[in-house]
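>>> whatever this is, show me its structure:
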Amino acid sequence: MIGVRINGQLLDLTPKTKVLWEFNNPYLLYDRIESSKASFPNIPFSAGNQRIFNYYQEPQASVALGEFECEQFYGGELIRAGYFVLTEADERGGYRGAFTDRLGRFFGDYQTKLLTEIDFGSVAVPPVLTPTLSDALGTVCCFPTILNPDYYGTNGGSVSYSGKVNDYTGGAYTAAGPKVPMVMVKWLLLKIAALTGTTIEGDFLTHPVWQTLTIYNTRALDGAAAVTVKNHLPELTLEQLFIELRKLPNLMFTFNAPEKKLKIDFWGDRLTAVTTKNWTPKLVAGGIKTPEMNRRLQLGSDLDGGDGLMKDKPALMADYLTPELAEPTGVAPLKSKFSTLLTDAGTGLATAKQPGSTELFAQNTNKFAPRLLFWHGISAAYPRALPEKDGISLYWGGATGLAAKYWKLTEAMKATAFYLKTDLILKESDLAQLDFGAKYHMNGVDYIIASIVPELPISRTVPALLVGGL
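Numbers count the residues shown, from 1 in each chain. Alright, predicted model coming up:
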């Protein structure tokens, strides 16, 4: 019999209770955070259930929508953990509601807030500026030298501006010129975890190159005694930060909502893993096969229109497009709001031609778009942040570009992909061990499970959508 625990307490269920699930693969869609869900039948109005649901049916009880931790078991094995949202309660009909992963609320109220509206705190600026500033979580920000002759517009000459943001000479920052801190992505993710009571971990945060990622901006300190972090972040919501960042190195987000954990790894690493699961005996013959209609990828970024160097799209900023295939097919576009900068050939510094955001000359209203660089530390006499580091580039094209480094396996899968709408012969234990990141071998073909719709307890075959051609 099926078992459901609400806040750790076992619900009273009718003997023939069935729950219809819809499990969706969270790794195949890039424009949103995909959740799984379940439809529960009416839950009996028993004395035990009344206690578990805090007598929600009583007029004196809370008027807020009831949300409870929920675990569903079968035969002692955990099928799914998440939340049960109680929507109705009455003595005759019992309790009604639905299961959700609540991934759309994983970070609570912060999820839909702009980064520029979230209090991430501040870090003091020392009397003698250093290339990085740190706190207990690690390196908060860095001060790379950026070649930007247009920072003060046409007024640079009047303040003897050198043309460099965070200018650095003789082993120290110059007293004159704008000082612009650039927030480290790793620190920001850890700070988000601390603020929201979650844990964020995974290979992305420990990767030797990607952990040096920093967020470019143009907001000057203007003599402030501390770096107020939110002032130096782009106008993205917290959720957009994760979604847009994911698109660059093809990340995979694995959420554990009840434990409030997010693991950020590289999707390509899972695609290269050896197929160890053989579900051939579980595949029902006679499925419906349909082709992937868009088998070419187009990968790109939104450019910062405020940077004069981006007005006529530079070749380095070009989208990556899968070469034409033998058969005609459509194109699947994927564009990140994050882009990067060019590198000046003469100085080797990241460069822009962009008016800055500063109190000087009333330039406070100037905006900047989301852009990223890799922090290099002091190199060849300058603190540098650049679009390339150790064989990895933030451009889409080229041998070290994002497409070649992180999208080749996805591109190859897309080029030969098809979908199989079929039924599977499964047991509840199969669902307990379901891994959307794994490949399943069936009748000579490796598949990824896109979605699966079981009714528990299982008494018939289970509808599924598979992605084949891997």
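>>> can you list the buried residues in the longest helix belonging to the chain?
Of all segments of type helix in the chain, defined using DSSP state H, the longest is helix 185-196. Buried residues in helix 185-196, defined by neighbour count with 16 or more other C-beta atoms under 10 Å: 185-193, 195-196. The C-beta positions use only the backbone N, C-alpha and C, and glycine is treated the same way.
>>> ditto for stretch 315-327
For stretch 315-327, a neighbour-count test (16+ other C-beta under 10 Å) marks 316-317, 319-322 as buried.
>>> please apply the same query to stretch 45-54.
Of all the residues in stretch 45-54, those buried under the rule 16+ other C-beta under 10 Å are 45, 49-50, 52-53.
>>> what about this structure, any weak spots by pLDDT?
Applying pLDDT under 70 to the chain flags the ranges 63-65.
>>> one more time with 50, if that's ok
Applying pLDDT under 50 to the chain flags no residue at all.
>>> show me how it divides into domains.
2-106, 110-267+336-393 (automatic domain parsing).
>>> distance to Ala403 added to these, as JSON lines?
Output for the domains of the chain, formatted as JSON lines (distance: least, C-beta to C-beta, whole Å):
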{"stretch": "domain 2-106", "distance to Ala403": "14"}
{"stretch": "domain 110-267+336-393", "distance to Ala403": "10"}
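>>> and Phe204, what element?
In the assignment (DSSP states H and E), Phe204 maps to helix 203-206.
>>> kindly report the same for Leu466.
Counting by DSSP H and E, Leu466 is found in strand 462-468.
>>> would you map the helices across the protein?
Assigned by DSSP H, the helices in the chain fall at 47-52, 185-196, 203-206, 238-247, 267-271, 402-406, 408-415, 428-432.
>>> and of those, who's closest to Leu29?
helix 238-247 (9.9 Å; C-beta to C-beta).
>>> packing partners for the closest one?
helix 185-196, strand 251-256, strand 331-336 (3 or more C-beta pairs under 8 Å, 6 or more residues apart in numbering; DSSP states H and E).
>>> quick check: angle from the second one to helix 238-247?
This means strand 251-256. For strand 251-256 against helix 238-247, the angle by axes from the mean of the first three to the mean of the last three C-alpha atoms, to 10 degrees is 130 degrees.
>>> can you check the first one too?
Counting by the same axes, to 10 degrees, helix 185-196 lies at 150 degrees to helix 238-247.
>>> which residues sit against helix 185-196?
Residues outside helix 185-196 that contact it (C-beta atoms under 8 Å, 6 or more residues apart in numbering): 106-108, 110, 118, 120-121, 137-141, 198-200, 205, 210-211, 213-215, 229, 233, 238, 241, 245, 260, 262, 264, 372.
>>> now with 6 Å, please.
Residues from elsewhere that reach helix 185-196, judged by C-beta atoms under 6 Å, 6 or more residues apart in numbering: 107-108, 110, 120, 137-140, 199-200, 205, 211, 213.
>>> again with stretch 113-127
133, 135, 140, 191, 225-230, 233, 235-238.
>>> how about those, which pair is most distant?
Pairwise distances across these peak at 29.1 Å for Ala225 and Thr237 (criterion: C-beta to C-beta).
>>> more neighbours: those two, which one.
Thr237 (19 against 10; other C-beta atoms under 10 Å).
>>> nearest to Ala61, out of the helices and strands packed on helix 238-247?
Ala61 lies closest, by C-beta to C-beta, to one member of the helices and strands packed on helix 238-247: helix 185-196, at 28.1 Å.
>>> so what's the gap between stretch 112-130 and the chain middle?
22 Å (C-alpha atoms, centre = their mean, to the nearest Å).
>>> just stretch 157-172 next, same as before
Centre-to-centre, stretch 157-172 and its host chain are 36 Å apart (C-alpha atoms, centre = their mean).
>>> can you list the buried residues in that stretch?
Across stretch 157-172, burial judged by 16+ other C-beta under 10 Å covers 161-168.
>>> in strands, which of those residues appear?
Cross-referencing the buried residues of stretch 157-172 against strands under DSSP state E gives 164-165, 168.
>>> any chance of the residues you listed in CSV, plus distance to Leu303?
Converted to CSV, these look like this (distance: C-beta to C-beta, whole Å):
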residue, distance to Leu303
Lys164, 22
Val165, 19
Tyr168, 27
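>>> return the member of the residues you listed nearest to Phe73.
Of those, the one sitting nearest to Phe73 (C-beta to C-beta) turns out to be Val165, at 57.6 Å.
>>> quick one: contacts for the closest one?
Listed by C-beta under 6 Å, 6+ apart, the contact partners of Val165 are 146, 148, 151, 178, 180.
>>> before we move on, the earlier item: closest to Met442 out of the domains of the chain?
For these, the distance to Met442 is smallest for domain 2-106, at 15.9 Å, taking C-beta to C-beta.
>>> what distance separates the start and the end of the closest one?
By C-alpha to C-alpha, to the nearest Å, the extent of domain 2-106 from end to end equals 27 Å.
>>> list only buried entries from the contacts of helix 185-196.
Neighbour-count burial (16+ other C-beta under 10 Å) applied to the contacts of helix 185-196 gives 107, 110, 120, 137, 139-140, 200, 205, 211, 213.
>>> possible to save those residues as TSV with distance to Gly76?
Output for these, formatted as TSV (distance: C-beta to C-beta, whole Å):
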residue	distance to Gly76
Phe107	32
Tyr110	37
Phe120	44
Leu137	40
Thr139	46
Val140	47
Ile200	31
Leu205	35
Gln211	40
Leu213	43
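>>> of the residues you listed, closest to Leu297?
Leu213 (22.6 Å).
>>> measure stretch 357-375 end to end?
22 Å.
>>> before we move on, the earlier item: which strands border the strand holding Leu466, and is each parallel or antiparallel?
Strand 462-468 has these partner strands in its sheet, going by DSSP bridges: strand 418-424 (antiparallel), strand 445-452 (antiparallel).
>>> Val274: neighbour count?
Under the neighbour criterion other C-beta under 10 Å, Val274 is assigned a count of 5.
>>> repeat that for Ala257.
21.
>>> pretty sure it contacts Gly82?
Yes - using C-beta atoms under 6 Å, Ala257 makes contact with Gly82 at a distance of 5.3 Å.
>>> now do the shared contacts for the two.
Common neighbours of Ala257 and Gly82 (C-beta under 6 Å, 6+ apart) are Asp101.
>>> could you pull up the residues touching the closest residue to Glu201 other than its chain neighbours?
Once flanking residues are discounted, Glu201 sits nearest to Lys263: 5.7 Å by C-beta to C-beta, 6 or more residues apart in numbering. Lys263 makes contacts with 201-202, 254, as judged by C-beta under 6 Å, 6+ apart.
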